[in-house]
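Enquirer: Predicted coordinates and the sequence they were generated for:
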Amino acid sequence: MNDLIGRVISFEKQVFPNQSALYARLATDGQSPKALMISCADSRVAPEHIMQAEPGDLFVCRNAGNIVPPFSTANGGVSSTVEYAVAALGVRDIIVCGHSDCGAMKALMNPEMLVGMPNVAAWLRHSSAAHSVVSSSYRDLESHDAVRIASMENVVIQLAHLRTHPSVAAAVASGQIALHGWFFDIHDGLMLGLDGDTGRFVPIHEDHPMPVALRAADRRATESASAPLGEAA
């Protein structure tokens, strides 16, 4: 703890003075983050560090397993964060970011690890679909491969949950928001992005189009509210 306190003092004496103008502007004008990033609470995965983000750039929500409970499940911190980011801050990109060697996904694939942790077990039920996908669609996996694949499939599941939130659903329908699924490989420092067209994770390269899980586009089910029943949009 003394080490952490020392870093706080270092921030006050060395870092803040060099960024005082930025903090003054943020204090006066408020925040307008470029994206909401939902990532794992794992201490090795630091969104601001990975994104090289300045204060005010990212609105971040971290929890065990980068989980987004379906809207109807219960009110909570994740749901409130999503709603505020979209409805109040006008965020137009949401990123769900999983990672390699994820402890939550290890527990998901090995339930015996959850003995004595009833709250974690209950939380991971929001990832049950990822477990089912891995168990039914991937055969003869080694344990470490199962965890890696579960981490990726979990991102897909959480993106689906995200679209059950009214604020997100409305923004998606009107083409105001894009959804992104990322996977961070801790060992290699490599970020993969979910390509919504192929359903596969691919490396993010600066000389290639960025993979997007769901691009911002008009996704209303019909062109007119007065369209007769059965009429094609």
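Expert: Noted; the coordinates are in hand. Since the structure is predicted, the reported quantities are computational estimates derived from the model, not experimental observations.

Enquirer: So in terms of bridging, what pairs with Asp93?
Expert: Beta-bridge partners of Asp93, counted by DSSP bridges, are Ala178.

Enquirer: In contact with it, which residues are there?
Expert: With contacts defined as CB atoms under 8 Å, 6 or more residues apart in numbering, Asp93 is in contact with 34-36, 177-180. Any C-beta I mention is one placed from the backbone N, CA and C, and that applies to glycine too.

Enquirer: do you know how far Asn2 is from Leu22?
Expert: In this view, Asn2 and Leu22 are 28 Å apart by CB to CB, to the nearest Å.

Enquirer: and these two? which has more neighbours close in?
Expert: Shown here are Asn2 and Leu22; by other CB atoms under 10 Å, Leu22 has more neighbours (13 against 6).

Enquirer: how far does the host helix or strand of the more buried one sit from the chain's center?
Expert: Per DSSP states H and E, Leu22 falls inside helix 20-29. How far helix 20-29 lies from its chain's middle: 27 Å, per CA atoms, centre = their mean, to the nearest Å.

Enquirer: Then stretch 77-95?
Expert: For stretch 77-95, the distance to the chain centre is 11 Å (CA atoms, centre = their mean).

Enquirer: contacts for the helix holding Leu22?
Expert: Outside helix 20-29, the residues touching it (CB under 8 Å, 6+ apart) are 16, 54-56.

Enquirer: again, but for stretch 134-142
Expert: With CB under 8 Å, 6+ apart, stretch 134-142 has contacts from 109, 146, 149-150, 153.

Enquirer: Alpha carbons only: can I get that stretch in PDB?
Expert: Output of stretch 134-142 as PDB, limited to C-alpha atoms (Å, rounded to 0.1, in the frame of the first residue of the first chain):
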ATOM      1  CA  VAL A 134     -17.800 -24.200 -26.200                       C
ATOM      2  CA  SER A 135     -19.100 -27.500 -24.900                       C
ATOM      3  CA  SER A 136     -21.300 -28.200 -27.900                       C
ATOM      4  CA  SER A 137     -19.300 -26.700 -30.800                       C
ATOM      5  CA  TYR A 138     -15.700 -27.400 -29.900                       C
ATOM      6  CA  ARG A 139     -14.400 -30.900 -29.400                       C
ATOM      7  CA  ASP A 140     -11.300 -32.300 -27.700                       C
ATOM      8  CA  LEU A 141     -10.000 -29.100 -26.400                       C
ATOM      9  CA  GLU A 142      -7.100 -28.700 -24.000                       C
END
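
Enquirer: hmm, back to that, identify the farthest-apart pair in the contacts of helix 20-29.
Expert: Spanning the widest gap among the contacts of helix 20-29 are Phe16 and Gly56, at 14.2 Å by CB to CB.

Enquirer: And the contacts of Asp93, which is closest to Phe201?
Expert: The closest of the contacts of Asp93 to Phe201 turns out to be His180 (CB to CB; 11.4 Å).

Enquirer: And the strands in this protein, which stretches?
Expert: Assigned by DSSP state E, the strands in the chain fall at 35-40, 58-63, 93-99, 178-185, 190-195, 200-203.

Enquirer: Going by neighbour count, list what's buried in the longest helix along the chain.
Expert: Counting by DSSP state H, the longest helix found in the chain is helix 143-162. If you call a residue buried by 16 or more other CB atoms under 10 Å, then helix 143-162 has these buried ones: 146-159, 161-162.
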